[in-house]
Structures are given as structure tokens and as C-alpha cells.
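Chemist: sequence and predicted structure, then a few things I'm wondering about:
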Amino acid sequence: MRDATDFLAPGGALRIEGSAGGPLAGLTFVAKDLFDVAGTVTGCGNPDWARTHPPAERHAFAVSRLLDAGATLVGKTITDEISLGLLGENAFYGTPLNPRAPGRVPGGSSSGSASAVAQGAADAGLGTDTGGSVRVPASFCGLYGIRPTHGRLPLDGMAPQAPSSDTTGWFARDAATFASVSAAIFGEGEGPLPTRLVILTDAFGFAGSETEAALAPAVARLERLLGPAERAMLAPQGLSVWGRAQRTLQMAEAWATFRDWVEREVPAFSYLVARSLMAGATMPATELPWAALMRDEARARLAQLTADGAALLMPTTPGPAPLKNLPLPEMDRARDRINCLCAHGGLAGHPQVSLPLGEVGGAPVGLSLIGARGADMSLVALAAALENAA
């Protein structure tokens with residue numbers, strides 16, 4: 001039986017030294033087991049995937065970027081099976097520890113990387129974010145985390161799930177490390193601070209009063225930096241409508257990604273992952289044009305809201321991490337609510353940074369900054385400025 005503190009994927013215990021003298025020299029990082037590391041099998045959180053795929057011939061782009069900048073790779077980490085999950089419970093490999101809230105899930109699917117960074121076993125962690133898989137564990141484990149502008153970074157050597165939403169992302173415990181890692185991966189320096197703030201009232205209302213109260217001091221600190229915030233709705237059509245559109249597109253694409261392998265190998269899956277794949281396989285064709293139109297509306301809405309350098313503020317998740325091993329109906333409701341606050345990422349592709357600035361009942365909950373497409377380093381700069389102003 002694996003220990004709950006063991007965030008490593010099977011075969012994930014390794015060490016590759018970074019380039020000497022790089023800007024990240026002295027820092028360590030882990031990589032979710034969706035990233036290729038030369039000479040190792042990328043297991044994607046499923047034993048049959050690992051069994052049916054050969055070792056990688058070269059490092060993934062994101063892994064190479066950090067190694068070239070001087071950071072040392074110290075392990076590959078557990079992920080939800082084929083990255084289809086938001087809670088971080090893997091039926092084959094266990095649930096990595098959430099050290100900030102033991103007894104609660106770490107969030108998925110980048111659960112192992114978030115756990116490793118939160119435990120202090122690495123300075124930074126690489127994850128992926130399709131429907132929330134960096135943003136959610138960042139919120140639940142009290143970390144800085146980023147979903148970059150969709151399409152901005154090469155995804156070479158990163159296992160795909162739903163290509164119209166897939167991104168690389170990363171975690172750190174403090175804003176300075178987060179900024180250094182972000183600069184190395186993006187290959188650019190600190191961006192200008194956003195010019196104004198917009199509080200997304202429907203997102204805060206959906207999360208509820210406890211989460212809103214927990215994040216209010218952080219919102220006030222941001223307003224002291226940038227001035228009084230405006231207020232607007234994120235999704236006039238309804239957060240649940242956006243959530244349905246994102247899940248429709250994501251599950252259909254996931255089935256297209258994995259169909260050939262599933263039909264050839266007939267692999268073993270946990271019930272929840274098999275159910276998600278079947279949802280994609282049986283998706284009515286009439287649902288896809290509607291979902292694509294809703295994506296167009298979401299993109300237009302986010303472009304309008306982030307015009308002129310605005311940063312949008314919202315809770316990263318509706319609240320802190322759910323308890324582990326919930327009954328299925330409770331688990332489904334938790335996942336559906338989380339999806340409602342994450343759907344805009346895959347639909348619109350704007351950058352989002354989650355800041356570890358709130359607690360509810362002693363467990364972390366993140367405050368998110370969303371910017372215009374390409375304004376990733378402006379959000380990183382605001383995270384650093386906020387920490388320095390504390």
C-alpha cells in the first residue's frame with residue numbers, strides 16, 4: 001500500500017541535474033507523469049497506458065526549459081488517470097497528500113506535483129491544465145499556480161487530452177519562485193502591472209459567503225495597489241451553461257484522443273474515468289455546434305472584460321478541497337461546482353493565476369487573476385507585487 005505522502009508516479013524516482021549557472025540554479029522541480037522525460041515511460045496515471053507505450057526519446061518542452069534554466073528535476077508525479085479528473089484521487093496509485101488540509105483531496109489532475117511542492121519536496125512543479133488541473137490543486141493546496149494563455153507555449157512531449165483546451169502549467173509556494181519559473185518558461189521578463197481590477201460578481205456569488213469573506217482581505221490589498229475595482233458578471237448566460245459547454249467539448253475531444261488506444265488495448269479504468277470517456281463516446285452530435293457557439297460567446301466576453309489591461313478577480317474554486325472518499329453523488333456535485341468556476345479557461349483560453357490568499361475552516365482557497373490573452377507575465381508581476389506589499 002502506497003503511503004499518502006508518496007507523490008511519485010511508479011518509476012518516478014529520478015534526478016536530472018539542471019544546467020550549471022542558469023537563472024534557476026539551486027531550485028528543484030517535479031513533473032507530472034504526462035510530461036516526457038528521456039529514457040522513462042510517460043505513464044499518464046494508468047498502468048495499461050504505461051504498459052503499452054515505450055520510453056520517451058527526448059524531454060518534453062517544459063522539462064527541457066527548466067533544466068536549461070538550471071533547475072534540477074527530482075521526480076515524476078502521480079496524475080489522475082489520463083488527466084481526466086479534478087479531485088486527485090487515483091484508483092491505481094492512491095491519493096497524494098494535501099499537507100495543508102490532511103483528510104481532503106489535493107485536487108487533480110496535477111495532484112502529485114501540487115502535493116510535492118506543498119510538502120516542500122520540490123521548489124516548483126509542472127502540471128497540465130485542460131479543465132482546471134493546475135488551478136484546482138493550486139487552490140486546494142495553498143500554492144501559486146498558472147494556466148497560461150492557450151496556445152502560447154509548445155506542448156511538445158506533453159500527453160494530450162483535449163487539444164483545444166490543453167495547456168502546460170506550474171506551481172510554486174512563494175511569489176518570487178513562481179515569478180522566476182514563469183520567466184524561464186515564457187522566456188521573458190516581468191510584465192507591466194494590470195491597469196484596473198474587475199470583480200466577477202457571479203463567480204463570488206456562486207462560491208458563497210464563506211469563500212467571499214475569506215478572500216475579501218486579499219481583494220482589498222489588490223485595490224490598495226491598483227485602485228477601486230469595477231464589478232461585472234463573468235458569464236451572463238450562466239456559469240453552469242459555460243460549464244456544460246466546456247464539458248461537452250472536452251469530453252468529445254478526450255474520446256477522440258484516446259479512442260484508438262481504448263479500442264485496441266481495452267485497458268482497465270476506474271469507474272469515474274470510464275464514465276467520462278463514455279460520455280465523450282456517446283455525445284450527441286447535435287450538442288457540439290451549440291457548445292462551439294457558447295465557446296465563441298465566452299471568448300468574446302473575456303476579450304471585452306480584459307480590454308485595456310484589466311485583471312479579473314474571482315475565487316479559483318467554490319471553496320476548499322472536498323473530503324477524500326466522498327460518496328459518488330457528493331463527489332459528482334463537488335466536481336460539477338468546481339467545473340462551473342473553471343470552464344472559462346478551456347473555453348476562452350485566457351491566462352489565469354491562482355494566489356494562495358484565503359482559508360475557509362483552516363483549509364486553503366485561492367483567489368484568481370485573469371488577464372488578456374498574452375498578458376501572462378502581467379499577472380505574475382501582480383502576484384509578486386502583492387506579496388512584496390504584504
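Modeler: Arrived safely. Numbering: from 1, shown residues only.
Chemist: show me the shaky parts of the stretch 251-390 of the chain.
Modeler: The model of the stretch 251-390 of the chain has pLDDT under 70 over residues 390.
Chemist: how about 90 then?
Modeler: Scanning the stretch 251-390 of the chain for pLDDT under 90 picks out 387-390.
Chemist: that one: strands as residue ranges?
Modeler: 310-315, 352-360, 363-370 (DSSP state E, counting those that start in this stretch).
Chemist: can I get the last one in PDB, CA atoms only?
Modeler: Taking Å, rounded to 0.1, in the frame of the first residue of the first chain, the C-alpha atoms of strand 363-370 are listed here in PDB:
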ATOM      1  CA  ALA A 363      -8.200  24.900   4.600                       C
ATOM      2  CA  PRO A 364      -6.900  26.900   1.600                       C
ATOM      3  CA  VAL A 365      -8.900  28.500  -1.100                       C
ATOM      4  CA  GLY A 366      -7.300  30.500  -3.900                       C
ATOM      5  CA  LEU A 367      -8.000  33.900  -5.400                       C
ATOM      6  CA  SER A 368      -7.600  34.100  -9.200                       C
ATOM      7  CA  LEU A 369      -6.400  36.800 -11.500                       C
ATOM      8  CA  ILE A 370      -7.400  36.500 -15.200                       C
END
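Chemist: pull out the buried residues from it.
Modeler: When burial is assessed from 16 or more other Cβ atoms under 10 Å, strand 363-370 yields the following buried residues: Ala363, Pro364, Val365, Gly366, Leu367, Ser368, Leu369, Ile370. (Each C-beta comes from the backbone N, C-alpha and C, glycine too.)
Chemist: for stretch 236-248, same thing?
Modeler: Across stretch 236-248, burial judged by 16+ other Cβ under 10 Å covers Leu239, Val241, Trp242, Gly243, Arg244, Ala245, Gln246, Arg247, Thr248.
Chemist: circling back to that earlier point, of all the strands of the stretch 251-390 of the chain, which one is nearest Ser209?
Modeler: strand 352-360 (10.2 Å; Cβ to Cβ).
Chemist: for that closest one, packing partners?
Modeler: In terms of contacts (3 or more Cβ pairs under 8 Å, 6 or more residues apart in numbering; DSSP states H and E), strand 352-360 is packed against helix 135-141, strand 144-147, helix 209-226, strand 363-370, helix 376-389.
Chemist: identify the residues contacting the helix or strand just after the second one?
Modeler: In other words, strand 144-147. Scanning forward in sequence from strand 144-147 by DSSP states H and E, the next helix or strand is strand 167-172. Outside strand 167-172, the residues that touch it by Cβ atoms under 8 Å, 6 or more residues apart in numbering are 29, 61-62, 110, 113-114, 117, 123-130, 133-135, 137-138, 141, 143-150, 153, 155, 158, 178, 181-182, 185.
Chemist: quick one: strand 167-172 to helix 376-389, angle?
Modeler: Going by axes from the mean of the first three to the mean of the last three Cα atoms, to 10 degrees, strand 167-172 is angled at 10 degrees with respect to helix 376-389.
Chemist: partners of strand 167-172, with directions?
Modeler: Sheet pairing of strand 167-172 (DSSP bridges) gives strand 124-129 (antiparallel), strand 144-147 (antiparallel).
Chemist: could these go into TSV alongside mean neighbour count and mean pLDDT?
Modeler: TSV is the format used below for the strands paired with strand 167-172 (neighbours: other Cβ atoms under 10 Å; pLDDT from 0 to 100):
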stretch	mean neighbour count	mean pLDDT
strand 124-129	30	98
strand 144-147	31	98
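Chemist: next, count neighbours for the nearest residue to Ala375 once chain neighbours are set aside.
Modeler: Using Cβ to Cβ, 6 or more residues apart in numbering and skipping the chain neighbours, the partner closest in space to Ala375 is Pro351 (6.2 Å). Neighbour count for Pro351, taken as other Cβ atoms under 10 Å: 26.
Chemist: give me phi/psi at Ser64?
Modeler: Backbone torsions for Ser64, taken as degrees, to the nearest 10, come to phi -60, psi -40.
Chemist: who touches it in this structure?
Modeler: Counting by Cβ under 8 Å, 6+ apart, Ser64 touches Arg58.
Chemist: what's the answer for Gly108, then?
Modeler: Counting by Cβ under 8 Å, 6+ apart, Gly108 touches Thr79, Asp80, Gly85, Leu86, Leu87, Gly88, Glu89, Asn90, Ser133, Val136, Pro137.
Chemist: same question, Gly21
Modeler: Going by Cβ under 8 Å, 6+ apart, Gly21 touches Gly70.
Chemist: right, I'll leave it there.
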